[in-house]
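*Asks:* Sequence below, structure please.
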Amino acid sequence: MTRVVAVHKTGGPEVMTLEDWPLASPGAGEVAIRQTAIGLNFIDTYQRSGLYPVTLPFVAGSEGAGVVTAVGEGVSGFEVGDRVAYQGQLGAYAEERLVSAEKLVPVPDGVDDRTAAAVMLKGLTAFYLLFKTWPVQRGETILWHAAAGGVGLIATQWAKALGATVIGTAGSDSKVQLAKAHGCDHVINYNQEDFAERVRELTGGRGVDVVYDGVGKSTFEKSLDCLRPRGLMVSFGNASGVVSIPDITLLMRKGSLYVTRPTTAHYFATREALLEGTTALFGAIESGAIQVEIGRSFPLGEAAAAHQALEARETTGSVVLLP
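*Replies:* Residues are numbered from 1 along each chain as shown. Model prediction:
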């Protein structure tokens, strides 16, 4: 048996319950791990609420880190005692679990377990956004919304290391200061300023090359006003609600703009892509280019409180659950 946080019906944080579930031996291609840290992400809240449908009942969460306790038939490259991490595998809110070996990656000595659990989804998201969706070049200017959030703090440091000018947004003075300390050249408090007007001022009227927006509905249209002609709007999250474009000619009128809605599943569909991303991510952490900010940690049994804090935007940086 293993302790898990289960969801039997969709709804608010209160629908999650701490339970004992059976734990099978690893099958072919599977690895059993004892988890030491679990990452918390907005996608967890979307699945819990029903925004992203998942077959009920399910164990919440999709990323974590731990130690291998057993390997199934046909598994190579992993042994009992290895430190490992993963993302994109539903069932993370658990003390122990089974994971597909194809989704596991080794954790280097220079990265601790909490950091590994905190950055697998968020760090790989930053990787594909900065290196694949729009390969950021030295001298370009980007806008990153929620710059003091988990993805934001990783991505803005990485973008700065790539030579970009980084403009961030945040919702409080304390978050503004945190974002400035993690790579942003300028940070706009969107509760005090019109961020589109301020971006135009900061760029001399030109606009930015690309906007990265995990906030969603509340920031989408104003973000289009921040872009230079033929710039790219990257909408990768829905923290404030799902974006819709009722009239696509809006993109023409605002500068022949491009819009994309990417997801990690398509960028890391192969093991080769996963290893490329994690090698770059862990390398950036070990080199000091990225310093991971873990703002809060919660015991596994307090997952509901962690969801409440995340949805209320009371957190900064990454949040982890501890089994």
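
*Asks:* For the rest of this, base every contact and every neighbour count on C-alpha atoms.
*Replies:* OK.

*Asks:* what residues are up against residue 110?
*Replies:* residue 286 (C-alpha atoms under 8 Å, 6 or more residues apart in numbering).

*Asks:* Please read the previous query as pertaining to residue 37.
*Replies:* Applying C-alpha under 8 Å, 6+ apart, the residues contacting residue 37 are 64, 65, 66, 113, 114, 117, 320, 321, 322, 323.

*Asks:* what's the distance between it and residue 148?
*Replies:* 21 Å (C-alpha to C-alpha, to the nearest Å).

*Asks:* Same check on residue 6?
*Replies:* 29 Å.

*Asks:* So for these two, which residue has more residues nearby?
*Replies:* Each of residue 6 and residue 148 has its neighbours counted (other C-alpha atoms under 10 Å); residue 148 has more, 32 against 23.

*Asks:* which one is the residue nearest the centre of the chain nearest to, not counting chain neighbours?
*Replies:* Note on the chain: the residue nearest the mean C-alpha position is residue 122, at 2.7 Å, using C-alpha atoms, centre = their mean. Leaving out its chain neighbours, the residue that sits closest to residue 122 by C-alpha to C-alpha, 6 or more residues apart in numbering is residue 151, at 4.9 Å.

*Asks:* from what I can see the one you found touches residue 294, true?
*Replies:* No. Using C-alpha atoms under 8 Å, residue 151 makes no contact with residue 294, being 11.3 Å away.

*Asks:* shared neighbours, the two?
*Replies:* Joint contacts of residue 151 and residue 294 (C-alpha under 8 Å, 6+ apart) are 317, 318.

*Asks:* Looking at these two now, which is surrounded by more residues?
*Replies:* Comparing residue 151 with residue 294 by other C-alpha under 10 Å, the one with more neighbours is residue 151, at 27 against 17.

*Asks:* measure the more buried one to residue 96 for me?
*Replies:* Distance from residue 151 to residue 96, by C-alpha to C-alpha: 26 Å.

*Asks:* can you check residue 316 too?
*Replies:* Residue 316 is 27 Å from residue 96, by C-alpha to C-alpha.

*Asks:* Please apply the same query to residue 83.
*Replies:* From residue 83 to residue 96 the distance is 14 Å (C-alpha to C-alpha).

*Asks:* The stretch 51-200 of the chain: helices as residue ranges?
*Replies:* Assigned by DSSP state H, counting those that start in this stretch, the helices in the stretch 51-200 of the chain fall at 113-128, 150-161, 173-180, 195-202.

*Asks:* domains of this structure?
*Replies:* Here the domain parsing of the chain from automatic domain parsing is 2-119+292-322, 138-261.

*Asks:* Now tabulate these in a markdown table and tack on distance to residue 283 and mean pLDDT.
*Replies:* Listed next are the domains of the chain as a markdown table, based on distance: least, C-alpha to C-alpha, whole Å; pLDDT from 0 to 100:
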| stretch | distance to residue 283 | mean pLDDT |
| --- | --- | --- |
| domain 2-119+292-322 | 9 | 96 |
| domain 138-261 | 11 | 93 |
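
*Asks:* Pipe these into TSV and attach distance to residue 285 per row.
*Replies:* Conversion of those to TSV gives the following (distance: least, C-alpha to C-alpha, whole Å):
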stretch	distance to residue 285
domain 2-119+292-322	7
domain 138-261	9
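
*Asks:* Based on its surroundings, how many neighbours for residue 255?
*Replies:* 15.

*Asks:* Is residue 67 in contact with residue 34, as I believe?
*Replies:* Yes. Between residue 67 and residue 34 there is a contact under C-alpha under 8 Å: 5.3 Å.

*Asks:* Let me see the contact set for the residue nearest to the centre of the chain.
*Replies:* Counting by C-alpha under 8 Å, 6+ apart, the residues that residue 122 touches are 41, 150, 151, 154.

*Asks:* List the buried residues of stretch 69-77.
*Replies:* Within stretch 69-77, the residues scored as buried using 16 or more other C-alpha atoms under 10 Å are 69, 70, 71, 72, 75.

*Asks:* just those residues now: which is nearest residue 173?
*Replies:* Nearest to residue 173 among those: residue 69, at 44.9 Å, using C-alpha to C-alpha.
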